[in-house]
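> Predicted model follows, preceded by the sequence.
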Amino acid sequence: MIGVISYLVFFATVASILSIAVLGLNLQWGNTGLFNGGVVAFFGAGAYGTLILGGTSQVGQLGGFALPYLLALLGGMVCAGVVAWIVGLLTIRLRHDYLAIATFGVAVAFETVMRNTDALGGAQGIRGFERPLRETLGNGFTYNLAFFAFVLILLIATYLFLERLIQSPFGRLLRAIREDETAAQSLGKSPSRVRLTSFVAGSVIMGLAGGLYATFYAFISPQDVLPILTFQIWAMLIVGGAGNNKGAVMGTFLIWAAWTASGWALSRFAPLEVQLYTGSIQFVLIGFVIVGMLLWRPQGLFPEKLVVSQSARSKNEQ
Amino acid sequence: MIQNLVDGVLVGSILSLGAIGLTMAMHMLRFANFSHAELLSIGAYAALVFDGLFDAIHPALAQAIPPLSLTWSLSLALLLSMALTGLSAVAIDKLVFKRVRAKGGELSMVFASFGVAMIIRNILGLIFGLNPKLYSQDIVFAIVVSRDPFLLIKPDQVFTLIAALLIMFILHLVLSRTTFGYSLRAVAENPTLAQVSGINLSRMIVLIWLIGGGLAAAAGVFYGLTNQISPVLGRDLVLPIFAATIVGGIGSIYGAVLGGFLVGLASNLALVILPSGYSPAVPFLIILAVLILRPHGLFGEERT
C-alpha cells in the first residue's frame, strides 16, 4: 500500500512540475498567441541555473556557488528569463514563424552546448546538488511528501497569479493583441513590447518548473532537455485547452498519465524485440494525439471561456 | 580549410534542394513547416526500397556506374522516389494541413507540422529500424585531389553537386519560361489577384507540394549517398534547412538556393574553430546573425 502511495506521490510531483511549465506555455500561446518551439531551452535554463547556483563545487565544473536554495531557484528563473529576453528581442517584431524557428533553434543550441561543454556538465550532466532540508526530513517518503507539498504550493501560486493576470487589464491587452494586433495598436498599445513581456514571463515560469525538476532528481543532463519534452508539454496544453489554465493543468495530468501508462504497458506486455522501440511507439502515439486534437477538437477538452465584454458578463450573472 | 570549403559546397547543394520546397510552402501557406525535413527521410528510404526492387528485377541494374558507388538501380529509384515523395507531400497536405488550414490558425499549422514530423520520423524508425543504412556496401575510396593543401573528394560527392545544380537549373527554366512558372510567381505575389486572373489556387498548392516533395526526395537520396540514411536524418537537417530559407528570405526560391550554400559553407567552416560536437548549434547562430543584420533575409521582402 505504501508502495502505491509513494508512487502516486512521485507521479503527482512530476505532473505538478510539468503543470507549471504548461501554465507558462499557456500564457505565451493560449493568452498571447506566441509559438514557443523550444520550451526545453527555458525549462533547461532554469534547471541548469538552479543546480549551478545552488550546487556544491565539482572538479572542472562551473558553479558550486552553494547559494541558499530559494535564491538558487530564483537564479534559475532569471537564467530562463534572460535567454527568453534575448531570443524575444530579436524575433518578436517579425513574422510569427520566425519566433517558432528561433525558439526551436535555441533549444537545439542549448542541448548541444550543454552536451559538449564540460564546464557545464557535458554529456554526464550536473550532480553534486544537496537537496534542501534533507537533513531534517531524511531521504525517504517524508521528504518526497514534503517536496510534493512544496511543488503543489508553487503550482497553486502560479495558477492564481496567472488567473489574476489574465483578468487584469494586462490580460485583456494580451487577448486584444492576440485577436487583432492592428486594432490594439490603434488604441495606442505597443504590441511588440507587451508580447515580449508575456514571452519572458511565460519563460520564467518554465524556468521555475525546470528548477523544481532538477531539484527533485538532484541531477540534470542533456538527456532531460531533448526536443520530445517540448512536444509533450505542447500536447498537454493542446489536449487540455489552450487559453484555459484549468484545462492546462488537467491536460498535463491526463497526458502524463497516458504517457507513463503506455510506457509501463509496453514494458510489461510487449515482446522483448518490440521493447527496443518503446520510445518510437510512444512518440507516434503522442503525434497522433496532437494531430487528432487539432483536427477534431482544436479548442481542447476544456476550451477557453471567451468573455465578449465585461458588461455582457455581469448581465448574464445577474 | 580548403577541405571544409569543398565539403561546405557539397552539403550546401543538398540543403538548397531541401530549402526550395520549404520556402515555397512557407510563403504560399504562411506557416513554418517543421515536417518538411521528414520528406527528405521519406525520399531516402523510398529510394532504398526501390533500389532493392530494381536489383532483384535485373542483376545488371545492380552494377555501379564507375567511378561512382551509384548503381543504375539507384538512379531509377531516385526518380521513382521523387515522384512518390511528392505524392506523399500532397497526401499529408490533404489529410492534415488542409483540414487544419480550413479551421483557421496559421500557428495551429506549425504545431500540426510538429506532430506530423514526429509521426513520420518514428514510423520510419519502426519500419526500417533505428540503425543507419547505406545504399551500397561497396567502399568507394575518396580521390586525393591535392596533397598540399590536402583535399579529398569522393566521386559520389561530385555527382551529387552536379545533379543538384542540374535539378535547380531545370527548376529555374520552368519558373522563368513556362506559364506554370508565371502562375506560381503570381500566386506568391498576390494570391487574391492571381485567383481573379483565373489561376486555380488549390491546384497551385498541390503542384508546390509535388515539386517541394520531389526536390526534398532528391536531397534525401543525395544525403544518403554521401553520408548515411537514418530515421533521424530529418531531425538533423530541419534546422539547417530552416536557416537556409531565413538567410535567403522566406519566399525567395533563388534566396533559398544561395542560403543553402551559405549555411553549408558556414557550418563546415565553423568546424575550423569549433569542436565538431557544437556543429548542430551553428545554424541557430546563422539564424540569429541574419535576424540581427538583415531580418528579412537576402532576398526576402517585409511582410506581416
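Structure received.
> where in chain A is pLDDT low?
A:307-318 (pLDDT under 70).
> any idea whether residue A:131 is helix, strand or coil?
Following DSSP: H, G, I helix; E, B strand; the rest coil, the label given to residue A:131 is coil.
> Hmm, it is touching residue A:217, no?
No - the pair residue A:131 / residue A:217 is not scored as a contact, 9.5 Å apart, by Cβ atoms under 8 Å. Using the backbone N, CA and C atoms, a C-beta is placed for each residue, glycine as well.
> would you list every one of the helices in the chain?
In the absence of a named chain, chain A is used. A:2-25, A:39-54, A:69-91, A:96-116, A:134-137, A:141-167, A:169-179, A:181-186, A:191-217, A:227-240, A:245-269, A:272-275, A:278-296, A:310-317 (DSSP state H).
> I was after chain B.
In chain order, chain B shows helices spanning B:2-29, B:36-57, B:72-92, B:98-102, B:106-128, B:155-177, B:179-189, B:191-196, B:201-226, B:233-248, B:253-273, B:282-293, with DSSP H as the criterion.
> Most tightly packed of those?
Looking across these with neighbours counted as mean count of other Cβ atoms under 10 Å in any protein chain shown, the highest average goes to helix B:233-248: a mean of 28.
> Give the bridge partners for residue B:151, please.
Residue B:151 forms beta bridges with residue B:146, as assigned by DSSP bridges.
> Next, count neighbours for it.
If you count neighbours by other Cβ atoms under 10 Å in any protein chain shown, residue B:151 ends up with 17.
> and it, what pLDDT?
For residue B:151, the model assigns a pLDDT of 82.
> that older thread, got the helices of chain A as JSON lines, with distance to chain B and mean neighbour count columns?
Below are the helices of chain A laid out as JSON lines (distance: least, Cβ to the nearest Cβ, whole Å; neighbours: other Cβ atoms under 10 Å in any protein chain shown):
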{"stretch": "helix A:2-25", "distance to chain B": "11", "mean neighbour count": "20"}
{"stretch": "helix A:39-54", "distance to chain B": "10", "mean neighbour count": "30"}
{"stretch": "helix A:69-91", "distance to chain B": "5", "mean neighbour count": "21"}
{"stretch": "helix A:96-116", "distance to chain B": "4", "mean neighbour count": "24"}
{"stretch": "helix A:134-137", "distance to chain B": "35", "mean neighbour count": "11"}
{"stretch": "helix A:141-167", "distance to chain B": "19", "mean neighbour count": "16"}
{"stretch": "helix A:169-179", "distance to chain B": "10", "mean neighbour count": "17"}
{"stretch": "helix A:181-186", "distance to chain B": "9", "mean neighbour count": "13"}
{"stretch": "helix A:191-217", "distance to chain B": "11", "mean neighbour count": "25"}
{"stretch": "helix A:227-240", "distance to chain B": "6", "mean neighbour count": "24"}
{"stretch": "helix A:245-269", "distance to chain B": "13", "mean neighbour count": "18"}
{"stretch": "helix A:272-275", "distance to chain B": "9", "mean neighbour count": "10"}
{"stretch": "helix A:278-296", "distance to chain B": "4", "mean neighbour count": "18"}
{"stretch": "helix A:310-317", "distance to chain B": "23", "mean neighbour count": "9"}
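> Tell me which of these lies nearest to residue B:133.
For residue B:133, the closest of these is helix A:278-296, at 16.0 Å, according to Cβ to Cβ.
> Return the list of helices and strands in contact with that closest one.
Applying 3 or more Cβ pairs under 8 Å, 6 or more residues apart in numbering or on different chains; DSSP states H and E, one finds that helix A:278-296 makes contact with helix A:227-240, helix A:245-269, helix B:98-102, helix B:106-128.
> and residue A:177, which of those helices is closest to it?
The minimum distance between residue A:177 and the helices and strands packed on helix A:278-296 falls on helix B:106-128, with 13.9 Å, by Cβ to Cβ.
> before we move on, the earlier item: will you turn the helices of chain B into TSV that also has mean pLDDT and distance to chain A?
Formatted as TSV, the helices of chain B follow (pLDDT from 0 to 100; distance: least, Cβ to the nearest Cβ, whole Å):
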stretch	mean pLDDT	distance to chain A
helix B:2-29	90	7
helix B:36-57	93	11
helix B:72-92	94	10
helix B:98-102	88	5
helix B:106-128	90	4
helix B:155-177	90	23
helix B:179-189	84	15
helix B:191-196	85	16
helix B:201-226	93	16
helix B:233-248	93	5
helix B:253-273	92	12
helix B:282-293	90	4
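> Among these, which comes closest to residue A:226?
Relative to residue A:226, the nearest member of these by Cβ to Cβ is helix B:233-248, separated by 10.4 Å.
> tell me which strands and helices the closest one is in contact with?
Here helix B:233-248 touches helix A:96-116, helix B:2-29, helix B:36-57, helix B:106-128, helix B:201-226, helix B:253-273, helix B:282-293, going by 3+ Cβ pairs under 8 Å, 6+ apart.
> now with 6 Å?
helix A:96-116, helix B:2-29, helix B:36-57, helix B:253-273, helix B:282-293 (3 or more Cβ pairs under 6 Å, 6 or more residues apart in numbering or on different chains; DSSP states H and E).
> any idea how far the first one is from the chain center?
Here the centre of mass of C-alpha atoms in helix A:96-116, compared against the chain's by Cα atoms, centre = their mean, to the nearest Å, lies 16 Å away.
> Give the other helices and strands that it contacts.
When contacts are defined as 3+ Cβ pairs under 6 Å, 6+ apart, helix A:96-116 packs onto helix A:39-54, helix A:69-91, helix B:233-248, helix B:282-293.
> Kindly recompute the last result at 8 Å.
helix A:39-54, helix A:69-91, helix A:227-240, helix B:106-128, helix B:233-248, helix B:282-293.
> again with the last one
Counting contacts by 3+ Cβ pairs under 8 Å, 6+ apart, helix B:282-293 is packed against helix A:69-91, helix A:96-116, helix B:233-248, helix B:253-273.
> Skipping adjacent residues, who's closest to residue 145 in space?
Using chain A. When the adjacent residues along the chain are set aside, residue A:145 lies closest to residue A:9, with 5.9 Å between them (Cβ to Cβ, 6 or more residues apart in numbering or on different chains).
> my bad, the chain I had in mind was chain B
Using Cβ to Cβ, 6+ apart, the closest residue to residue B:145 is residue B:151 (4.4 Å).
> can you tell me how far that neighbour sits from chain A?
Applying Cβ to the nearest Cβ, to the nearest Å, one obtains 28 Å for the distance of residue B:151 from chain A.
> Isn't that residue up against residue B:7?
No - in terms of Cβ under 8 Å, residue B:151 does not count as a neighbour of residue B:7; the distance is 9.9 Å.
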